[in-house]
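A.B. asks: the sequence and its predicted three-dimensional model are supplied below.
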Amino acid sequence: MDFFDILTLIGGLCLFLFGMNIMGDALERRAGDKLSAVIGRLTTNKLAGFLTGLGVTAVIQSSSATTVMVVGFVNSGLMSLRQSIGVIMGANIGTTVTAWILSLGGIESSNFFVQLFKPMSFTPVLALIGIAFFMFAKTNKKKDTGTILLGFAVLMFGMDIMSGAVSGLSEVPEFRQLFVMFSNPILGVLAGAVLTAIIQSSSASVGILQALTVTGQITYGAAFPIIMGQNIGTCITAILSSFGTNRNAKRVALAHLSFNIIGTIVLMTVLYIVRAVFAPAILEVTASHFGIAVAHSVFNVICTAILLPMSGLLEKIVCKLVPDNDKKDTKTELDERLLATPAIALDTCRKCALTMAKCAVGALKDSIYILKDYKPALAEEIRQREEETDHYEDIIGNYLVKLSSQQINEKESAESTRLLHIIGDFERISDHAVHILKSAEELRNKEIRFSDVADSEMEVLTNAVVEITELAMKAFEENSLDAAFEIEPLEEITDRLKAKLRANHILRLQQGECSIEAGFIWSDLITNLERTADHCSNIAGCIIETSHNTLNMHESLRVIKSESEDFKSRFKYYSDKYSLEKRV
């Protein structure tokens, strides 16, 4: 093998790894929405988790990517440790699909129709279609489809170049001796593990092993241990990904490593026994592309068949290795590992924003309750909820900014913008809750009481505000247009109530029925309540404009108010429901 063959081998290897990388990334983006739906349907059933891991990995062609996602899910609290173990086992089998695709390169036949199945026969056509999609398609999804086809074409060309470059090694005695050495199972396992840890892809390392089979120097006796080691080496990605995560996420990475180590120990023991007792001839047979794919699949299927029924035991082992401690575990609500899959990252943001919304609405309701019955413990809880809401706004906002730098489609971009607006409104609702609390504390500290008439008027307004916040919560949680449309007429009512309550207060002030000091607190209260309703209106507007695919919230609301008969009907309903004349 001369200098130019070495350069050709390096070039082929680079093309192969580059093609696999861009194809995997594009597959992940293309399947993003579906991945989110599949992951969302996970149950505690280990078979469901196994099938999910198998399916997702077969689609995105990377067990490492699947495992990193699982680490992120567990770290974010979206998946339990028990669920994750089944997914990881499924991922180990799903990753074998790549080896089967690459095995097509080993087809040898002079038959024309058989030759059509060789990748080098149809890869140029795929590359042509891919470049057409990539250059001329208008949508990101079609461009991703083109990238997938181009990535596949590049990796197959790289595979073919590697195979051609190493074919001359069959005559090199040193190369022959190298693989005689790898017939020692322990050395073979180490070689496979180190190579895969370096390139961080078992699919790629199996592909390299398949390319080397053209030399005729790799026997099944040498290939089996290398394949076992490759499964151990691929765990390095999950282990690196688990740095800085909570204990359960670290346990996921350790479960992945433990699964492959245990499987390797069991099958290595079997291999030693079979070699010593039976000395089967197949161990000395030269491996082929197809044979490597079969061996890779058989190893993973046997490991899963042995350990899937014992996943509970594996869970206990990793919990012992990474024990709980007295220190409270700090949970990362949003994990940056998920940014590589924008659809799933966005879904995580929604869940986090929903938690924030419930926190803000809960604080607002408690602040209204505390106007009637002040309790110090409840006051402290309102303040804690407001701080928690601020925290959520910070982490969600920063996360969405980082997400926007990823390759996201128009739908995901619109949803990201919508969430940024909505979390801002919920954060302001929690601020108004604290302002209402301060007014309640001022009334209590200064021993000020409103008149019975004023209390009755305030109850009408607070009831309307409680209902509008509940509608905003429902509209956001369920993405309900019906609830969003209910908010607008009710928001108009709160505006009118505020004006009416202010006018009535001035009359009472003129008649000496209310003090100026009480009037300042009264004014602050109705202002904060009315502004809360305004923020609920903003939330409804974001949901409505997203459904109409527009970016002009105020114009959408103007049209609804001026042209909708339903708006007029609901406005009349709420006018009657929150009429001051019926209460005062």
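C.D. replies: Alright, I've got the coordinates. Residues are numbered from 1 along each chain as shown.

A.B. asks: send the alpha carbons of stretch 303-312 over as PDB?
C.D. replies: What follows is stretch 303-312 as a C-alpha-only set of coordinates in PDB (Å, rounded to 0.1, in the frame of the first residue of the first chain):
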ATOM      1  CA  CYS A 303     -28.200  -9.100  24.300                       C
ATOM      2  CA  THR A 304     -31.700  -7.500  24.300                       C
ATOM      3  CA  ALA A 305     -33.400 -10.900  24.600                       C
ATOM      4  CA  ILE A 306     -31.300 -11.700  27.700                       C
ATOM      5  CA  LEU A 307     -31.500  -8.300  29.400                       C
ATOM      6  CA  LEU A 308     -34.900  -6.800  28.400                       C
ATOM      7  CA  PRO A 309     -36.800  -9.200  30.800                       C
ATOM      8  CA  MET A 310     -34.200  -8.100  33.500                       C
ATOM      9  CA  SER A 311     -34.500  -4.400  32.900                       C
ATOM     10  CA  GLY A 312     -35.700  -3.900  36.500                       C
END
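
A.B. asks: any idea how far it is from the chain center?
C.D. replies: 26 Å (CA atoms, centre = their mean, to the nearest Å).

A.B. asks: do you know how far residue 49 is from residue 455?
C.D. replies: Taking CB to CB, to the nearest Å as the measure, residue 49 falls 56 Å from residue 455. The way it works is simple: take the backbone N, C-alpha and C, and place the C-beta from them, glycine included.

A.B. asks: quick one, which of the two is more surrounded?
C.D. replies: A side-by-side neighbour count of residue 49 and residue 455, using other CB atoms under 10 Å, places residue 49 first with 26 against 12.

A.B. asks: which strand or helix spans that one?
C.D. replies: Assigned by DSSP states H and E, residue 49 belongs to helix 46-60.

A.B. asks: quick one, what contacts residue 287?
C.D. replies: By CB atoms under 8 Å, 6 or more residues apart in numbering, the contact set of residue 287 is 213, 218-220, 222-223, 295.

A.B. asks: can you give me the helices for the stretch 101-250 of the chain?
C.D. replies: Under the criterion DSSP state H, counting those that start in this stretch, helices of the stretch 101-250 of the chain are mapped to 112-115, 119-136, 140-166, 173-181, 185-199, 202-212, 220-233, 235-241, 247-277.

A.B. asks: can you check the stretch 251-400 of the chain too?
C.D. replies: Counting by DSSP H, counting those that start in this stretch, the stretch 251-400 of the chain has helices at residues 289-307, 311-321, 342-372, 376-404.

A.B. asks: of those helices, which is nearest residue 519?
C.D. replies: Ranking the helices of the stretch 251-400 of the chain by proximity to residue 519 (CB to CB) places helix 342-372 first, at 16.1 Å.

A.B. asks: ok, back up a step: now mean pLDDT, distance to residue 573 and mean neighbour count too, for the helices of the stretch 251-400 of the chain, in CSV please.
C.D. replies: What follows is the helices of the stretch 251-400 of the chain, written out as CSV (pLDDT from 0 to 100; distance: least, CB to CB, whole Å; neighbours: other CB atoms under 10 Å):
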stretch, mean pLDDT, distance to residue 573, mean neighbour count
helix 289-307, 90, 59, 19
helix 311-321, 89, 54, 15
helix 342-372, 90, 22, 22
helix 376-404, 92, 31, 17
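
A.B. asks: nearest to residue 495, out of those?
C.D. replies: Comparing the helices of the stretch 251-400 of the chain against residue 495 with CB to CB, the closest turns out to be helix 342-372 (17.8 Å).

A.B. asks: so how far is that closest one from its chain's centroid?
C.D. replies: The chain centre lies 20 Å from the centre of helix 342-372; the measure is CA atoms, centre = their mean.

A.B. asks: same question, stretch 444-455
C.D. replies: On CA atoms, centre = their mean, the centre of stretch 444-455 falls 50 Å from that of its chain.

A.B. asks: list the buried ones in that stretch?
C.D. replies: For stretch 444-455, burial by neighbour count (16 or more other CB atoms under 10 Å) applies to 450, 454.

A.B. asks: what's the distance between the spatially most central residue of the chain and residue 334?
C.D. replies: Central residue of the chain (CA atoms, centre = their mean): residue 344, 2.9 Å from the mean position. Remark: distance between residue 344 and residue 334 (CB to CB) = 11 Å.

A.B. asks: the longest helix anywhere in the chain packs against which elements?
C.D. replies: Looking across the chain with DSSP state H, the single longest helix is helix 410-445. Helix 410-445 sits against helix 342-372, helix 376-404, helix 516-547, with contacts defined as 3 or more CB pairs under 8 Å, 6 or more residues apart in numbering; DSSP states H and E.

A.B. asks: mean confidence for it?
C.D. replies: The average pLDDT within helix 410-445 is 92.

A.B. asks: for that helix, buried residues please.
C.D. replies: Quick answer for helix 410-445 (16+ other CB under 10 Å): 412, 414-416, 418-420, 422-440, 443.

A.B. asks: okay, now residue 484: neighbour count?
C.D. replies: 27.

A.B. asks: next: residue 466.
C.D. replies: When neighbours are counted by other CB under 10 Å, residue 466 registers 17.

A.B. asks: wait, doesn't it sit right on residue 366?
C.D. replies: No - using CB atoms under 8 Å as the test, residue 466 is too far from residue 366 to be in contact (10.9 Å).
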